[in-house]
Each structure stands twice: as structure tokens, then as C-alpha cells.
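*Asks:* Show me how the following folds:
(2 chains)
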Amino acid sequence: MKDTGRDVVRSGLSLVRLRKWYWRVNLIATGLLLFVWALVGFGASIFFVQPLNAFRLPGTHFPLGFWFAQQGAIVVFVGVILSYCFVMKWLDRSFFEARRQLAKQRGVEEEYER
Amino acid sequence: MSVKAWTFVFVGGSFLLYLLIAWWSRVRDTRGFYVAGREVPAAANGMATAADWMSAASFLSMAGMVATMGYSGSVYLLGWTGGFVLLALGLAPYLRKFGHFTVPDFVGDRYDSQVARLVAVVCALLVSFLYVAAQMRGVGVVFSRFLEVDITVGVLIGMAIVFVYATLGGMRGITWTQVAQYWVLITAFLLPAFAISFKLTGQILPQLGWGGSLRPEYAGGSAVPLLERLNATLEELGFASYTAAFVGAWDMWNVFLVAASLMVGTAGLPHVIVRFYTVRTVQAARWSGFWALVFIALLYLTAPATAAFSRYLLLTTLNDRSGSELPGWFRNWERTGLILWLDDGDGKVRFSNRKDNEIFRCGRLTAVELAEIRAEHQRWLDSGGSNGTDGRAVLRARGLSGPDNDIILLATSEMAQLSGWIVALVAAGGLAAALSTASGLLLVISSSVAHDLYFRVLRPTASEKERLQVGRASIAVAVVVAGILGIYPPAFVSEVVAFAFSLAAASFFPAIVLGIFSKRVSAVPVIVGMVVGILFCGGYITLCSFLKMAPQTFGIFPYPVNPQGIGILGMVLNFGVTLVLTPFFPAPRREIQQLVDTVREPEDPIAPRQSSTVLH
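*Replies:* You can find the predicted model right below:
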């Protein structure tokens, strides 16, 4: 019979670290995606619209800055949310796989907290 | 068949559909009534969210505003889509994990304070009532223009329809009717755009067509890029270029402030946030955010194209036309006063941005005032300038140059000589947009009263049956009050909506974000922050819009701040005040900090929880 006390303590700490890891990756991913959102939504569309207007969107007659402000930013917004969904799907899956590993190490049936 | 007959067909048919859905989706418990049993699939929820979000303003007015403003219209395109990124990434999954019924629920529980809950309830009610008044008005207006019914009757009909499916089905009925309403409104918006794009440029996809070249027969002989031709025509007539940035009062900072305020305000609107409570899992909440923006983008990517086509058509079909050749659509809209022609005596129409402009609108003038101005103008014409007054100068001094923005979408189909049934479809689409948003707002109002006030504050021991009854009763009352507001609307509808956005940006958004991303912030700082934000924004908008104070630069900005842009400043103030006060107050108790941990943790995809820690 394993020393469940020591195992619980060991896996308890790891669980806490796992949660911290999850939250940190979540914040970083969200931060990066919001950076892209701001870059296109405010950068290309507003603050840099005039220099960008010197160019045309390839294959069309749209001034580039103007196009970002009216259509391009929206397309990027959709892409940002889509990326977020996939990243979080991967992150959630990784979290639960790791937690199942931890539970196996403890040799006890997996518990769902609370 | 006439346009009116087609309108009866489409409007009647769509209303029948909504009633059928109402019957099919009737509910028996509070989970069904408030959060649709949490069983709405992500894509369907996205459609419902899109319809809920796209109000009569998005549908009817936005294309017109972009058409008039050109580049600066981007504040609305960016502002009303960008907020969904904030919602999907920063709010929705966490609130869904929290698992309750409403936004004041979260504020009250996270900050462990009935005062915070009450402040949130007051904000939710204020925002929702302001917004719903504009929607019911929109319903009445569409009825009156297309079915030639009195505005009051139109509002009453709209009220009756919403009453049925909202009281029978609550959130479930509202959600599934919103799905149907989405398809009505998107079809109504896209079809004319496809037709006009193909007609003018030969490209059937309007989202690409407006960046292409006009067909020779529309550009006087050779294929010229639409935007170039539009810019050139505008400049000839004394208007600002369509694609040039930062002209006039819309300088870079105002464009930024307004766009940012609208984005953050969007993410703080209770009727949008609450749409993410109705899906099965946290993952589904994220995907629902994705789908919502996809379905919204179908309209928003098309709107700038529609706007550019409209502006071009408006300029070219009116200028140099003789009075006797004016198209039928012009005469129809002239009767409503939304577009007026005051001739200078040569019998030809001139639509420009200079003193020779002859196209105006009636704005807020009464019928009597308008008739007087016209009579004086006629006297001026008849006497060759010695008697009477030049009506054009009078209207120009009142800021009424150019047609009303609202008619631009409605008239464009007629300008492009599309079939009558397309025009009628637009009417049904406008009604769908207004009704879907109105019902979402009514649900928030009802839940604020029945769930947040009655159940969580006044009678926590109320039974399921009692809670459902109070829910139904409060939504019934809310429909009636909304209808009354639609028949007797507040005087400044668009300023009132701007206030609603600022309120959401400066009160809800910071409170929810801090609640999720900080464990240290407690009740008192957040309440003070919310109140400061509300007073700052409310004060600025009241002073500028109602008391005619000049907009301020606050010593920071090069141009005075447009009242629509004050929300983001209120948000910054709220964050600042809250964070500065936080160290002076004790941290939230352990159970609350654990609640935040729960909200941040992922939900196992194999065994998702349907509810969360707190009993309801």
C-alpha cells in the first residue's frame, strides 16, 4: 500500500503547478491574440491608415489603410477568435491529459474537483 | 404585385414563422426561461447572437452612415465587430463557467455584495430600456414606411408578436426566433447588395465588387474603378473624398476614441453577454463567439460595399436631373420628408456640398415648420429674390443638408431599379433586426427584475414555479413599457443609444474584467469605480447632447471629444479609481477567491458541468 499521504502531497503540489501553468499559458495566448486584434483594429485601421493608403490591396483598387478599416480588420477579427478556439481546445486537452497522468500516479480513481 | 403587397407577404410570412417557433419552444422551468436550458448548439447560438446584436440601426442606418461618412464610417464597422473579440477572449468562457443566469448575478456573487448587485441591476435596466426604446421605434417606423400604417399601430403589432414568443418561450423562444430572424435579415441585406454589385460592376460578390471597376455604361464610357470615380465625383461637388482619412471633426483621436468606446461598450452590453449563458459547455461558449462574429461579418463585410454603391448612385442619379424626370423613389421618400428638393429656379437638381446644393432633409422640423420654409422659398422663387427667403440657406444653417441616412439603404434598391419584391424583403429584414434585438433586451429587463431583484435579493426562498411566474409577468410588463417608449420615444434616440454604450463600457466592462482577472479587487472599490464611470460618461453626454455644452478636449486631445467616444475614457477612469482604491480595502474572503479559481479553470470536455458552485 503506497504512502497515500506523501503521494497526495506530491500530486497536490503538481496539480497546483499544473493550474498555474494553464492560467499562464491562457494569459499569454490571450495577450498575443489581443495584440493582433489591436494591431489591425487600431494600428492598420486608424493610426497608420494614411501611410498605408499609399498602397493598394493587391488585385483590387482599395487603398490599403482604408480597406483594413472597412473590411480587412473584420476578417482578421474572425481569424483571431478562430485561433483562440483552437489554442484553448489544445490547452484544455493538455491540461486534462496531464491531470489524468497525475491521478494515475496517485493510483486512485480520478476525481472531479468540487 | 406592388411593393406594398410583397411587403405584406414577407412580413406576414415571417411573423407566422416566429409564432410557430414560439409554440414549439415553450418552456416549463426557470432554466428554460432564462438560459434556454443551456442546450443551444454553438452555431445556432452564434446566429441568435448575431441577430440579437444587429439591431434596426445596424441594418438600416449603418450603411447610410458609412455612405455619408466614407472612411470615418469605419468607427461603426470596427466598433460593432471588434467588441466580439473582447467578449470571446476575455469574458464569455469565464462567465459561462461561472454558470449563472445574468450579469448582475456574477457581479453580486464575485464581489460578495448586494449593493454591487443592485448597482449592476440598475445599470442593466437603464441600458436595456434606453436601447429597447430605439428598437420599438424602429419597428413602428418600418411599418409606417412600407405598409403605410400609423407608427403607433406598427409598434403595437410588433409588441404583440414579441409578447407571444417571449412570454411563452422565454430565452428558448427568443433564441430560436432570433435564429429565424437572422436568416430573414441576412437574406434581405445580401440580395440587393449582390444585385447592385452585379449591375454596376459585373462582379456578383459585393464585398469584392466595390473594389473593382464600374461597367462602362455606368461610368460614362470606360471602365473606371468605382472608388476612384466616387472620390473624383465627390471632390467635384465639394464633398470630402470617400477614402481619405481624418477629414473635419473626425480626426485620428476621435476615430480612435469612438471606435474603442463602441468596442468596449459592445463587450459590456448585458443582452449580448447573456447570450453566452445558453450554450452547453465552456468550449461551446468560445465557438459560439466565433460563429457569432462570422454571422455578423456576413453583414458587416457587405455594408461598406452597399454604402459605396449607394453614395455613387445617389450622386449620379440626382445631379443634373430635371425636376420632371425625378425617379419614382424620390417622390415616395419626399413625402416622408427624409429627402427634399428646393430648386434654385433652373428646374435642375443639384446635389453638392456647396451653396448651390438643393437636396435637404427635414430632420427634427415639424410638418408646420417645413411647410412654412417651403412657402417662403416659393415666394422667393416667384419674386425672383426680392420677397420671401431662400429655403436652402435656412436648411443649410440648420445643418439639414443632404438626405436622411436612414433612407439610403431602403432607397438604394429602388435607385438601382431592382424588383419590388427585393425592396419588400428589406422591410421584413429590418423588422427582423429590430424585433430580435428588442426581445433580447426584454429578456435582460425581465431577468433583472425577476431573477436579480426578486429572487436573489427579496425572496431567496421562492419556489421554481413562483420564479417562473414572476419571470413571465415581468417580461409581459416590460413588453408593454417598451411599446409605450416606442410610441412616445425620448427626443434624442441616437444620443440615448450612445449613452447606453458608454454606460456599458464604463460600468460593466471593467467590473467583469477585474472580477475575472483579479482576485484582489473587492466590493467597495469596484462599486465606486462603476459609479464614477457612469457619472463621468452620463455627465458628459448630458452636457453635450442635451444642454448644448461644447465638447471638450480635456487639454489632452487636439480636437474636442465626440460624445460617442467618451465611453473609453470612462472605462479608463473606472479601472483607475478601482485599482487605486483596492489596496485600501481587505481582499475578498477565501470562498470568493476560490470562486475566481473555479471560473478560471478549464471544464473537462468529457464531463462538462451544467451548473456551477452556487445554488440557483
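*Asks:* And residue B:303, how far from residue B:408?
*Replies:* 11 Å (CB to CB, to the nearest Å). The way it works is simple: take the backbone N, C-alpha and C, and place the C-beta from them, glycine included.
*Asks:* Residues that sit against both of these two, list them.
*Replies:* Counting by CB atoms under 8 Å, 6 or more residues apart in numbering or on different chains, the common neighbours of residue B:303 and residue B:408 are residue B:63.
*Asks:* Contacts only, for residue B:78.
*Replies:* Applying CB under 8 Å, 6+ apart, the residues contacting residue B:78 are A:41, A:45, A:69, A:73-74, B:259, B:262-263.
*Asks:* same check, this time on residue B:74
*Replies:* Per CB under 8 Å, 6+ apart, neighbours of residue B:74: A:45, A:69-70, B:66, B:255, B:259.
*Asks:* Buried ones in stretch B:525-540, by neighbour count?
*Replies:* B:525-534, B:536-538, B:540 (16 or more other CB atoms under 10 Å in any protein chain shown).
*Asks:* Give me the contacts around that stretch.
*Replies:* Contacts of stretch B:525-540 (CB under 8 Å, 6+ apart): B:107, B:111, B:113, B:115-116, B:119-120, B:123, B:499, B:502-503, B:505-508, B:510-511, B:514-515, B:552, B:561, B:563, B:566-567, B:569-571, B:573-575, B:577-582, B:584-585.
*Asks:* for the residue nearest the centre of chain A, helix, strand, or coil?
*Replies:* Centroid-nearest residue in chain A: residue A:29, 3.3 Å away (criterion: CA atoms, centre = their mean). Put simply, residue A:29 is helix when judged by DSSP: H, G, I helix; E, B strand; the rest coil.
*Asks:* Could you check how far residue B:401 is from residue B:392?
*Replies:* 9 Å.
*Asks:* which residues touch residue B:316?
*Replies:* Taking CB under 8 Å, 6+ apart as the test, what residue B:316 contacts is B:218, B:233.
*Asks:* Extract the C-alpha trace of the strand or helix carrying it and format it as PDB.
*Replies:* For residue B:316, the host element (DSSP states H and E) is helix B:303-318. Output in PDB follows, covering the C-alpha atoms of helix B:303-318 (Å, rounded to 0.1, in the frame of the first residue of the first chain):
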ATOM      1  CA  ALA B 303     -22.200  47.000 -45.600                       C
ATOM      2  CA  PRO B 304     -19.200  49.100 -46.800                       C
ATOM      3  CA  ALA B 305     -19.900  47.900 -50.300                       C
ATOM      4  CA  THR B 306     -23.600  48.800 -50.100                       C
ATOM      5  CA  ALA B 307     -22.500  52.200 -48.700                       C
ATOM      6  CA  ALA B 308     -20.200  52.900 -51.600                       C
ATOM      7  CA  PHE B 309     -22.700  51.800 -54.200                       C
ATOM      8  CA  SER B 310     -25.400  53.900 -52.500                       C
ATOM      9  CA  ARG B 311     -23.300  57.100 -52.400                       C
ATOM     10  CA  TYR B 312     -22.400  56.700 -56.000                       C
ATOM     11  CA  LEU B 313     -25.900  56.100 -57.100                       C
ATOM     12  CA  LEU B 314     -27.300  58.900 -55.000                       C
ATOM     13  CA  LEU B 315     -24.900  61.400 -56.600                       C
ATOM     14  CA  THR B 316     -25.300  60.300 -60.200                       C
ATOM     15  CA  THR B 317     -29.000  59.600 -60.300                       C
ATOM     16  CA  LEU B 318     -29.900  63.000 -58.800                       C
END
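*Asks:* averaged over its residues, what pLDDT does it have?
*Replies:* The predicted model assigns helix B:303-318 a mean pLDDT of 91.
*Asks:* Would you mark the buried spots in that helix?
*Replies:* B:303-318.
*Asks:* what's the weakest-modelled helix or strand in chain A?
*Replies:* Within chain A, confidence by mean pLDDT, DSSP states H and E is lowest for helix A:4-38 among all helices and strands, at a mean of 83.
*Asks:* following that one, which helix or strand shows up next?
*Replies:* By DSSP H and E, the next helix or strand past helix A:4-38 is helix A:49-52.
*Asks:* picking up where we left off before, between residue B:401 and residue B:392, who's got more neighbours?
*Replies:* Taking other CB atoms under 10 Å in any protein chain shown, residue B:401 and residue B:392 do not tie; residue B:392 has more neighbours (24 against 18).
*Asks:* need the contact list for residue 29.
*Replies:* Going with chain A. So residue A:29 contacts A:84, A:87-88, A:91 (CB under 8 Å, 6+ apart).
*Asks:* Actually, chain B is the one I wanted.
*Replies:* Per CB under 8 Å, 6+ apart, neighbours of residue B:29: B:464, B:468.
*Asks:* and the longest helix belonging to chain B, what's its mean pLDDT?
*Replies:* The longest helix of chain B (DSSP state H) is helix B:151-201. For helix B:151-201, mean pLDDT rounds to 89.
*Asks:* tell me what the following helix or strand past that helix is packed against?
*Replies:* Next along the chain after helix B:151-201, taking DSSP H and E as the criterion, comes helix B:206-209. Contacts defined by 3 or more CB pairs under 8 Å, 6 or more residues apart in numbering or on different chains; DSSP states H and E place helix B:206-209 against helix B:151-201, helix B:303-318.
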